[in-house]
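K.L.:
Following is a predicted model, sequence given first.
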Amino acid sequence: MNEETIIDYSRQGNVNRAFAILAVVFSIIGIVLYYMNPSDFNNLVVFVGMPVVLFFVSLAMGGGSKKAIDYIPGEWEKKKTWVSFTDYENMVEEYEDAYGELHSHPGDCGGCFCSFVFIVILGVFILYFQQLNLVLIDPTLDLLLLIVLEYSIVSVAGFVFGFRIPKIDAQEFFKRPLTGDVYRFASELAGVSGIRAGMNVELGVRAGVQTILDAEVKAYVQNLPETVQIQVQVSHSGFAYPYLVGTAYKGGRLTPHEDTIRIATKYPVRLEYSMDKDVMVIVARFDIPERTSAVPNISTGDFRELAALLASELQDKYNPE
């Protein structure tokens, strides 16, 4: 594998070295300020003010380090393959191990804010510790070590969060694989009788490096042509609400109507039949009351029952022209 022909880390090295120098400079300035004038205000600057500034500077340096990783454009040899959900999850795991750090992690913004609060609390705690006049090793050495330790924690935390939150500028190579609620419910279709479900994956190969360029859930009804498909949709309105859309191209015509059916599920099922030009459409969803005493929850078992019912309806209604 020759990853150097795909990714250039040379600029990142310069940013990382600049960050290390900057962190050392901040520590030296903090030590000098403290020993030059150990007043209450100066101590507040050294143990709270400067760490806060260092955190945001480190945050920017971490983001700059991520953006300094360059993708080298080139042609990819593309190939499509059908895989099971288990095989796809193994592929995603390998993909994340190799390139996960180069993706953006917007969920870390909450952790970034918590780190900022922790830094302020840490600084206040050190000020309180100073007022106690406790000696661990030596009065002078204790404060010097506390400054170095605090600034090291602050700079590393800021840099790590700054690095993880953004993404590098390479949309084609580093497209995040399909996951989330749609995938979670779609993977349940593999265990439904009468449905053949899996993933259509487009792989890219270049210079011995393999990546996932695209991935799409595909679900077909057994014994029917591939023009008959089932798609998973998930809406979010306080909870994950999955529903299914069955389509059949030139699969016959039907009269638009709705049916409500009671099956062995927590909620009744509503089937909506319609035509979209030459495409027969059946939407299967749970008929959940608008007002409930608890947040609705659709179990995977009920979702599989819904999928089995839709597959049966498609088989019954399919009548090619």
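P.N.:
Structure received. All values derive from a computational prediction rather than experimental measurement.

K.L.:
Where do the helices of the stretch 1-150 of the chain begin and end?
P.N.:
Assignment of helices within the stretch 1-150 of the chain using DSSP state H, counting those that start in this stretch yields the ranges 10-36, 40-44, 50-67, 85-99, 108-131, 139-164.

K.L.:
Now do residue 275 against residue 251, distance only.
P.N.:
Counting by CB to CB, to the nearest Å, the separation of residue 275 from residue 251 is 10 Å. All C-beta atoms are positioned from the backbone trio N, CA, C, and that covers glycine.

K.L.:
now do residue 300
P.N.:
Taking CB to CB as the criterion, residue 300 is separated from residue 251 by 28 Å.

K.L.:
okay, the two: which has more neighbours?
P.N.:
residue 251 (22 against 13; other CB atoms under 10 Å).

K.L.:
so the more buried one sits in a helix?
P.N.:
No - membership of residue 251 in a helix is not supported by DSSP: H, G, I helix; E, B strand; the rest coil, which gives coil.

K.L.:
and it, what does it touch?
P.N.:
For residue 251, the residues meeting the contact criterion (CB atoms under 8 Å, 6 or more residues apart in numbering) are 227, 228, 279, 280, 314, 317, 318, 319, 320, 321.

K.L.:
Pick out the most distant pair among the residues you listed.
P.N.:
Spatially, the most separated pair among those is 314 and 321, at 15.5 Å (CB to CB).

K.L.:
Looking at these two, which has the bigger crowd around it?
P.N.:
When residue 314 and residue 321 are compared for neighbours, residue 314 comes out ahead with 24 against 7, by other CB under 10 Å.

K.L.:
Backbone torsions only: list them for the more buried one.
P.N.:
Dihedral angles phi and psi of residue 314 (degrees, to the nearest 10) take the values phi -60, psi -40.

K.L.:
now swap in residue 229 and tell me
P.N.:
For residue 229, the backbone dihedrals (degrees, to the nearest 10) come out as phi -130, psi 160.

K.L.:
any low-confidence regions in the stretch 151-300 of the chain?
P.N.:
Low-confidence segments of the stretch 151-300 of the chain, defined by pLDDT under 70, span residues 169-177, 292-293.

K.L.:
quick one: the strands in it?
P.N.:
For the stretch 151-300 of the chain, applying DSSP state E, counting those that start in this stretch gives strands covering 195-206, 209-221, 228-236, 240-249, 257-261, 269-276, 279-286.

K.L.:
Give me the phi and psi for the residue positioned nearest the centre of the chain.
P.N.:
Nearest residue to the geometric centre of the chain (CA atoms, centre = their mean): residue 105, 6.2 Å. Backbone torsions for residue 105, taken as degrees, to the nearest 10, come to phi -130, psi 80.

K.L.:
what about the residue nearest to it when sequence neighbours are not counted, neighbour count?
P.N.:
For residue 105, the nearest residue in space outside its immediate sequence neighbours is residue 164; the separation is 4.5 Å by CB to CB, 6 or more residues apart in numbering. Counted with other CB under 10 Å, the burial measure for residue 164 works out to 22 neighbours.

K.L.:
pretty sure residue 164 is touching residue 106, no?
P.N.:
No - no contact is recorded between residue 164 and residue 106 when judged using CB atoms under 8 Å, the distance being 9.3 Å.
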